[in-house]
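**Q** Pasted the sequence and its predicted model underneath.
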Amino acid sequence: MSSDLDPAAERTSTTYSSALWHGFADMGAVTASGPFVVSRGEGAYIFDNEGTKYLDATAGLWFTNVGHGRREIADAVATQLSSIAHYSNFGDFVPETTLALADRLAAIAPVPGSKIFFTSGGSDSIDTAAKLARRYWVEMGQPSKKLIVGRQKAYHGMHVAGTSLAGIPVNKEHYGELMADARTVSWDDAKSLLALIEEVGAENVAAFFCEPVIGAGGIYLPPEGYLREVRQICRDNDVLFVADEVVTGFGRIGGSWFASTRFELEPDLMTTAKGLTSGYVPMGAVFIAPKIAEPFFTGGVWWRHGYTYGGHAGAAAAAMANLDIIEREELLTHSKRIEAALHTHLAPLAEHDRVSEIRSGIGAVAAVQLADPAEALPFVKTLRAHGVSGRAAGQGAMQISPAFVMTDSEIEELASRILSALG
């Protein structure tokens with residue numbers, strides 16, 4: 001192994017004394033071992049603060065679709081900030097770049113004529129959609145439609161609505177009831193959604209939230225026909241269908257801008273973030289189908305909701321440059337290539353005793369499911385010793401979601417390093 005892949009896990013650590021409180025972490029363990037400090041990125045690689053190079057298996061946290069170190073995006077942001085950094089979108093105010101981005105996003109929306117509501121990130125987008133779904137039904141004269149439904153294994157961010165909707169029980173523990181009128185159904189059985197609707201009455205159900213491919217809950221692909229069936233159940237019962245594309249949006253589900261387009265879902269609401277700017281700056285957006293927006297655009301109706309930094313002008317500039325790169329370099333096509341390469345090169349890992357399953361074949365995402373979920377967190381550090389920056393997701397799965405610029409040979413190398421780490 002070359003010198004730039006020296007085992008980071010073997011470095012001697014001093015006591016971690018930073019004031020930083022890490023998210024999703026046992027801070028006692030972090031303090032004892034010290035942090036993994038990322039200093040820079042280049043394409044499909046990142047480098048730690050000692051100069052060690054790693055294949056980035058996760059594109060940050062699902063988001064660096066165009067790869068690391070794209071100066072074009074940084075320059076676009078700098079230019080915008082030197083003109084005007086931001087101005088709120090409240091009332092009739094809007095920065096010019098934000099206005100242009102909204103129109104550009106509407107042009108690629110799965111539902112023609114959609115409106116765009118900007119947020120600061122994915123969790124904001126989920127809470128926005130949950131509130132809008134309930135408010136829509138009030139405007140339609142059906143205020144009893146309040147119940148919001150999610151799926152087992154699903155992750156919808158960590159705001160109040162997202163935590164309540166998600167199907168990861170451990171993320172809800174010790175908070176009490178955060179949001180009333182939230183229920184969870186099976187992640188892979190459309191009939192369980194229908195059964196809940198029939199149990200509580202369609203007149204009481206506002207919306208169903210659905211990740212086309214479950215992400216942080218373990219990378220679970222939709223069973224054949226599942227998405228089509230739940231979408232029709234929502235239509236038949238007058239329940240809003242909300243596609244959570246925070247992870248899958250902007251090319252992650254190869255060949256299309258959105259999984260909703262690929263699977264012809266025509267969502268009433270679609271939540272996005274991550275790939276919108278490739279993570280270069282925080283930003284999210286909710287796509288709102290014309291029929292949902294219509295009651296709010298007739299005049300005299302206020303929706304008292306919004307975020308100080310929603311539609312931030314600097315973030316909008318980053319998003320515009322990011323979309324330029326995706327289009328110019330045909331990265332939607334490359335995402336489809338990565339879908340096939342992951343499926344090919346990861347499949348042999350299923351034969352390893354420590355692996356129970358490989359989940360791949362839909363989009364530039366995959367999971368290497370460890371047979372013993374308790375090994376997942378230690379294995380993340382083992383991967384680093386083999387030159388891979390990885391992450392555990394769900395119950396013992398290794399998340400694979402590379403940047404769209406990762407080559408087939410780099411994917412083959414990634415699989416080889418994972419195999420070496422398995423021992």
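**A** Thanks, I have the structure now.

**Q** Check what contacts stretch 338-351 and list those residues.
**A** 254-255, 355, 357-358, 360-366, 368, 400, 402, 404, 406, 408, 411-412, 414-415, 418-419, 422 (C-beta atoms under 8 Å, 6 or more residues apart in numbering). (Each C-beta comes from the backbone N, C-alpha and C, glycine too.)

**Q** center of this protein - which residue?
**A** Nearest to the geometric centre of the chain sits V247, at 2.2 Å (C-alpha atoms, centre = their mean).

**Q** and the residue lying closest to it once chain neighbours are set aside, how many neighbours does it have?
**A** Spatially, and ignoring its direct neighbours in sequence, V247 is nearest to G215 (3.8 Å; C-beta to C-beta, 6 or more residues apart in numbering). By the measure other C-beta atoms under 10 Å, the count of residues near G215 is 28.

**Q** So for G215, what's the pLDDT?
**A** G215 carries a pLDDT value of 98.

**Q** roughly how far apart are it and G91?
**A** Counting by C-beta to C-beta, to the nearest Å, the separation of G215 from G91 is 35 Å.

**Q** mind listing what's buried in the longest helix anywhere in the chain?
**A** If you go by DSSP state H, the chain has its longest helix at helix 122-139. Residues of helix 122-139 classed as buried: 122-130, 132-137 (neighbour count, 16 or more other C-beta atoms under 10 Å).

**Q** For the helix or strand following that helix, output the C-alpha coordinates as PDB.
**A** Once the chain leaves helix 122-139, the next helix or strand it forms, by DSSP states H and E, is strand 147-151. Provided in PDB are the C-alpha atoms of strand 147-151 (Å, rounded to 0.1, in the frame of the first residue of the first chain):
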ATOM      1  CA  LEU A 147     -52.300  12.700  10.200                       C
ATOM      2  CA  ILE A 148     -48.800  12.500   8.700                       C
ATOM      3  CA  VAL A 149     -47.600   9.000   7.800                       C
ATOM      4  CA  GLY A 150     -44.000   7.800   7.400                       C
ATOM      5  CA  ARG A 151     -42.300   4.400   7.000                       C
END
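
**Q** Just the angle for strand 147-151 relative to helix 122-139, thanks.
**A** What separates the directions of strand 147-151 and helix 122-139 is an angle of 140 degrees, with axes from the mean of the first three to the mean of the last three C-alpha atoms, to 10 degrees.

**Q** strands paired with strand 147-151, and their directions?
**A** strand 182-185 (parallel), strand 205-210 (parallel) (DSSP bridges).

**Q** Quick check: buried residues in it?
**A** Result for strand 147-151 [16+ other C-beta under 10 Å]: buried residues L147, I148, V149, G150, R151.

**Q** Stretch 320-336 now?
**A** M320, A321, N322, L323, I325, I326, L331, L332, H334, S335, K336.

**Q** quick one: contacts of that stretch?
**A** Stretch 320-336 is contacted by residues 65-66, 70, 72-73, 75-77, 97, 100-101, 104, 250-257, 275-278, 280, 363-364, 404-405 when judged by C-beta under 8 Å, 6+ apart.

**Q** Make a ChimeraX selection of the buried ones in these.
**A** This is the ChimeraX syntax for the buried subset of those, where burial follows 16+ other C-beta under 10 Å:
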select :65,66,70,73,76,77,97,101,250,251,252,253,254,256,257,275,276,277,278,280,363,364,404,405
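
**Q** how would you label V246: helix, strand or coil?
**A** Secondary structure assignment for V246 (DSSP: H, G, I helix; E, B strand; the rest coil): coil.

**Q** mind listing the helices for the chain?
**A** 27-33, 59-62, 71-83, 96-108, 122-139, 160-165, 190-200, 226-236, 259-262, 290-293, 313-328, 331-346, 376-385, 408-422.

**Q** thinking again about what came up before, which strands or helices does the longest helix of the chain pack on?
**A** On a contact count with 3 or more C-beta pairs under 8 Å, 6 or more residues apart in numbering; DSSP states H and E, helix 122-139 meets strand 115-119, strand 147-151, helix 160-165, strand 205-210, strand 240-244, strand 269-272, strand 284-288.
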